[in-house]
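[1] Attaching a predicted model along with its sequence, questions to come.
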Amino acid sequence: MTMKLTIVGCSGSYPGPESVASCYLVQAEGNDAESGKRRTWNLVLDLGNGALGQLQRYVDPLDVDAVLLSHLHADHCVDMTSYYVVRKYHPTGTQPKLPVWGPKGTRRRLAKAYDLPVKTGMSEEFTFHRLEGGFHVGPFAITPYEVDHPVPAFGFRITVGDAVLAYSGDTGPTDALLDLAADADLFLCEASFRAGDDNPPSLHLTGAEAGEYASKADAKLLVVTHVPPWHEADVIMGEVVSAYSGPAELAVAGATYDLG
């Protein structure tokens, strides 16, 4: 296993009948700096409504090594409040602080979401880092890209060896996706809008736009995610394949992909 992606939740904007909101588990083998032993590293991308429950199907929450929050809308971060409870009150005792990367204001936002004092918030459970510049978590090399959304928002390019996973996060059309997804083995791209509708600007992509970006970036596989339950997924996917000639799939909760 070079890098493995598990779709924990992929419903757009709110949980749907087939999936919880956005959450993705990325795993890879790598050396542990403290023990010197090789182990599986677990990286969580977003933790939206209901995601923590489903995440436990695939990994013990205490075995997560880091969380990346693409932005601070509830469907991408609100289950961090439940995760805080797990790490604070777990009967096995005090847990090490977990690194969390997010946009500016993440620490304050999560404190307010759980009605905690803003000054202390969740700082005993999590170590908060602002998304800016590249960084590493175990074997993962991570580069955030700012994208186009009503709040500060980021997509991620994640590499392990020669394997590349690109995640758009939530975004309207932006050229940042071309660099983010360039030659990616898998481009996990949102498509929340239908072409032809009167869609608001700087919010989400249509299926056609997701396909166009995947094509221009020469992504090897496009996995379309964040489709809201109020849309028919086959309509979105019809737009995708009209704009992208490579392999494309609809994200489904529980699906796994091996990269590299």
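    Nice, thanks for sending it over. Residues are numbered from 1 along each chain as shown.

[2] What strand or helix carries Val44?
    Per DSSP states H and E, Val44 falls inside strand 38-45.

[3] Each with direction, which strands does that strand pair with?
    strand 23-31 (antiparallel), strand 66-68 (parallel) (DSSP bridges).

[4] any idea how far that strand is from the chain center?
    Taking Cα atoms, centre = their mean, to the nearest Å, one finds the center of strand 38-45 at 14 Å from the center of the full chain.

[5] and what of stretch 123-140?
    14 Å.

[6] Quick check, pLDDT for Met1.
    You'll see Met1 listed with a pLDDT of 64.

[7] Which parts of the stretch 101-250 of the chain are helices?
    106-113, 176-180, 207-217, 233-243 (DSSP state H, counting those that start in this stretch).

[8] buried set for the shortest one?
    Neighbour counts over helix 176-180 (16 or more other Cβ atoms under 10 Å) mark Ala176, Leu177, Leu180 as buried. Quick note: C-beta positions are derived from backbone N, CA and C, even for glycine.

[9] Show the average pLDDT along it.
    Averaging pLDDT residue by residue across helix 176-180 gives 98.

[10] How far off centre is it?
    Put simply, helix 176-180 sits 16 Å off its chain's centre (Cα atoms, centre = their mean).

[11] by contact count, what packs against that helix?
    Contact partners of helix 176-180 among helices and strands, from 3 or more Cβ pairs under 8 Å, 6 or more residues apart in numbering; DSSP states H and E: strand 140-146, strand 154-160, helix 207-217.

[12] quick one: Ser215 and Phe187, what's the gap?
    Distance of Ser215 to Phe187, given as Cβ to Cβ, to the nearest Å: 10 Å.

[13] what do you get for Gly121?
    According to Cβ to Cβ, Gly121 and Phe187 sit 34 Å apart.

[14] With neighbour numbers in mind, choose between the two.
    More crowded of Gly121 and Phe187, by other Cβ atoms under 10 Å: Phe187, with 31 against 21.

[15] quick one: the nearest residue to the more buried one once chain neighbours are set aside and Ala251, what's the gap?
    Nearest residue to Phe187, sequence neighbours excluded (Cβ to Cβ, 6 or more residues apart in numbering): Ala219, at 3.7 Å. Separation of Ala219 from Ala251 (Cβ to Cβ): 14 Å.

[16] Return the residues in contact with Pro17.
    By Cβ atoms under 8 Å, 6 or more residues apart in numbering, the contact list for Pro17 reads Pro229.
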